[in-house]
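Asker: Can you look at this prediction? I've put the sequence above it.
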Amino acid sequence: MSQYVVAIDQGTTSTRAIVFDREARAIATGQKEHEQIFPAPGWVEHDALEIWRNVREVIGQALSKADITRHDVAAVGITNQRETVVVWEKATGRPIHHAIVWQDTRTQDAIDALAADGGHDRFADITGLPLNAYFSASKLAWILDNVDGARARAEAGELLFGTIDTWIVWNLSGGAAGGVHVTDVTNASRTLLMDLRTLDWSDEMLAVFRIPRAILPAIRSSSETYGVANPHSLLRETPIAGILGDQQAATFGQAAFARGASKNSYGTGNFVLFNTGEEIVRSEHGLITTVAYRLGDRPAVYALEGSIAVTGSLIQWLRDNLGIIRTAPEVETLARTVDDNGDVHIVPAFSGLFAPHWRPDARGVIAGLTRFAHKGHLARAALEAVAFQSREVIDAMNADAGVPLAELRVDGGMVHNELLMQFQADILGVPVVRPAVSETTCLGAAFAAGLAVGFWDSLEQLESLWAEDRRWEPAMGEREREARLARWKAAVERTLDWV
């Protein structure tokens with residue numbers, strides 16, 4: 001009997017494969033970073049072929065470290081950076097352009113033109129989303145309009161579109177030799193092209209963005225067998241049985257199955273999700289409505305989400321652009337050299353502000369600099385920016401839900417930064433809880449795939465596998481908390497109307 005499930009997590013900066021056992025323990029991991037391509041200010045691209053090569057490599061690393069073969073693997077699940085767009089030739093599998101990444105803002109003018117007639121919430125009733133360059137539709141339209149012959153080839157059925165999950169599944173299941181062209185409801189809900197109620201592509205949205213239906217993948221549930229790995233893969237004949245966008249996967253891995261459950265993931269960006277059950281809840285405070293997951297033929301489960309563009313990538317910026325740290329973990333050591341931020345605030349609106357502001361005109365600022373400030377204050381201000389932005393989103397979520405957050409479950413690479421986690425609890429005024437498996441994105445994909453093939457039996461069994469690792473209690477007084485928030489909000493105001 002197969003004793004493991006493999007999860008592939010294709011993220012914004014790297015690709016990982018993790019082998020999980022029946023107790024949801026991570027047995028082995030393979031990981032590899034890929035190039036970040038910046039052709040122009042506000043433009044962010046990836047090489048989709050490099051990503052696919054890395055997928056294959058990390059699968060090999062994980063299987064080798066676990067000392068297992070495909071015969072030991074019951075299923076493979078996929079989780080991915082969402083909204084990122086790939087268009088490729090059906091006959092060859094060759095992308096016709098670099099993947100355009102979710103952070104990319106090149107289509108903002110086109111978005112603003114659409115919003116001029118009806119506002120940025122013009123299509124929110126259909127899609128649950130505001131008009132924003134963050135989502136996939138305008139990126140896909142840009143490729144069709146700017147790559148020679150792309151629109152005609154798309155209309156002729158020669159090209160395929162997908163978010164990264166679709167690209168991986170198509171290649172893993174055979175590629176040009178019969179690959180399965182599918183996505184799941186969570187990824188489809190991030191395109192600005194899916195109707196939240198029907199869970200199908202919206203004819204109205206396809207017409208708005210001039211997207212030929214022929215290039216779109218079939219929308220499936222998050223947990224079912226879509227196909228099997230191709231004969232040339234190390235996982236050949238293994239069922240591909242789970243797909244979840246990364247933040248929905250993290251929610252699933254946190255066992256946040258019940259209405260009212262929530263989590264915050266700390267990665268390249270931060271993403272807070274609040275489970276609203278089978279009800280589609282429209283936000284009045286700057287959040288978006290999305291699909292949390294769908295299991296087989298069961299009804300979809302929905303969520304409110306607050307998306308923050310720059311958190312972990314701010315630490316990378318300190319490392320790569322300013323050179324004040326050599327590795328990301330060093331930021332905590334540097335930040336601990338000072339007692340506070342020295343009244344320095346960093347608002348990392350590198351591509352505008354996402355939830356709850358939705359201000360593409362904003363750009364990043366460092367406010368409060370004096371001759372007293374040094375790199376320790378910058379490091380501390382960067383960490384605090386992560387927590388302040390999360391506080392803004394959670395305030396919006398509390399207002400929409402009508403029920404104050406009692407505790408915050410957290411996951412992602414940054415949750416091992418204990419200074420950040422304590423400040424997050426302080427600025428929220430509620431406990432912050434880290435699970436035993438902090439990389440819950442991969443675990444969620446594994447859970448979805450394992451459920452589909454009977455590796456695990458039920459959501460109740462998955463809930464029993466979740467365990468707490470560490471809890472941070474708030475230690476900051478209410479007066480100080482409100483004063484710190486006021487200074488943060490003043491810094492945010494200084495980012496606006498720059499573009």
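Answerer: Noted; the coordinates are in hand.
Asker: and the residue with the largest distance to the centre of the chain, helix, strand or coil?
Answerer: Note on the chain: the largest C-alpha distance from the chain mean falls to Arg371, namely 37.9 Å (CA atoms, centre = their mean). Assigned state for Arg371: coil (three-state reduction, DSSP: H, G, I helix; E, B strand; the rest coil).
Asker: Check the spacing between it and Gln461 real quick.
Answerer: With distances taken as CB to CB, to the nearest Å, Arg371 is found 59 Å from Gln461. Yep, even glycine has a C-beta here, placed from its N, CA and C like the rest.
Asker: So what's the predicted local confidence for Met1?
Answerer: In the predicted model, Met1 carries a pLDDT score of 61.
Asker: Not counting sequence-adjacent ones, nearest residue to Gly412?
Answerer: The shortest distance from Gly412 to any residue that is not its chain neighbour, by CB to CB, 6 or more residues apart in numbering, is 3.8 Å, and that residue is Tyr266.
Asker: Identify the residues contacting that neighbour.
Answerer: The contact partners of Tyr266, by CB atoms under 8 Å, 6 or more residues apart in numbering, come to 311-312, 386, 410-415, 420.
Asker: same thing but 7 Å
Answerer: Applying CB atoms under 7 Å, 6 or more residues apart in numbering, we find Tyr266 in contact with 311-312, 386, 410, 412-415.
Asker: Repeat that for Val182.
Answerer: Val182 is in contact with 166, 169, 217-218, 220, 226, counting by CB under 7 Å, 6+ apart.
Asker: Using JSON lines, please lay out the contacts of Tyr266 together with pLDDT.
Answerer: Output for the contacts of Tyr266, formatted as JSON lines (pLDDT from 0 to 100):
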{"residue": "Thr311", "pLDDT": "92"}
{"residue": "Gly312", "pLDDT": "91"}
{"residue": "Val386", "pLDDT": "96"}
{"residue": "Val410", "pLDDT": "92"}
{"residue": "Gly412", "pLDDT": "84"}
{"residue": "Gly413", "pLDDT": "83"}
{"residue": "Met414", "pLDDT": "90"}
{"residue": "Val415", "pLDDT": "91"}
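Asker: got these as TSV, with neighbour count columns?
Answerer: Below are those laid out as TSV (neighbours: other CB atoms under 10 Å):
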residue	neighbour count
Thr311	26
Gly312	21
Val386	26
Val410	28
Gly412	26
Gly413	20
Met414	25
Val415	25
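Asker: Among the residues you listed, which pair sits farthest apart?
Answerer: The distance between the two most remote of the contacts of Tyr266 (CB to CB) is 12.8 Å, for Gly312 and Val410.
Asker: Show me the shaky parts of the stretch 201-350 of the chain.
Answerer: Within the stretch 201-350 of the chain, no stretch has pLDDT under 70.
Asker: now the helices: where do they sit in it?
Answerer: 203-209, 246-253, 312-317, 330-335 (DSSP state H, counting those that start in this stretch).
Asker: for the stretch 351-499 of the chain, same thing?
Answerer: Listed in chain order, the helices found in the stretch 351-499 of the chain under DSSP H, counting those that start in this stretch are 375-401, 418-428, 440-453, 459-465, 478-493.
Asker: how would you label Leu63: helix, strand or coil?
Answerer: helix.
Asker: With Val76 instead?
Answerer: In terms of secondary structure, Val76 is strand; the call rests on three-state DSSP.
Asker: So what sits opposite it in the bridge?
Answerer: Val6, Ile240 (DSSP bridges).
Asker: Report how many residues lie close to it.
Answerer: Look at Val76: counted by other CB atoms under 10 Å, it has 28 neighbours.
Asker: same deal with Ser202?
Answerer: With neighbours defined by other CB under 10 Å, the count for Ser202 comes to 19.
Asker: Likewise for the one 3 residues further on?
Answerer: Residues within reach of Met205, counting by other CB under 10 Å, total 18.
Asker: give me the number of residues near the residue lying closest to it once chain neighbours are set aside?
Answerer: The shortest distance from Met205 to any non-neighbouring residue, by CB to CB, 6+ apart, is to Leu193 (4.8 Å). If you count neighbours by other CB under 10 Å, Leu193 ends up with 29.
Asker: do the same with the one 5 residues further on
Answerer: For Thr198, the number of neighbouring residues by other CB under 10 Å comes to 10.
Asker: which residues in the stretch 101-250 of the chain form strands?
Answerer: All strands of the stretch 101-250 of the chain, identified by DSSP state E, counting those that start in this stretch, fall at 159-162, 182-184, 194-195, 200-201, 218-220, 223-228, 239-245.
Asker: chain center to the third one, what's the gap?
Answerer: On the basis of CA atoms, centre = their mean, to the nearest Å, the separation between the geometric centre of strand 194-195 and that of its chain is 19 Å.
Asker: mean confidence score for that strand?
Answerer: The predicted confidence, averaged over strand 194-195, sits at 96.
Asker: Then the second one?
Answerer: Averaged over strand 182-184, pLDDT sits at 98.
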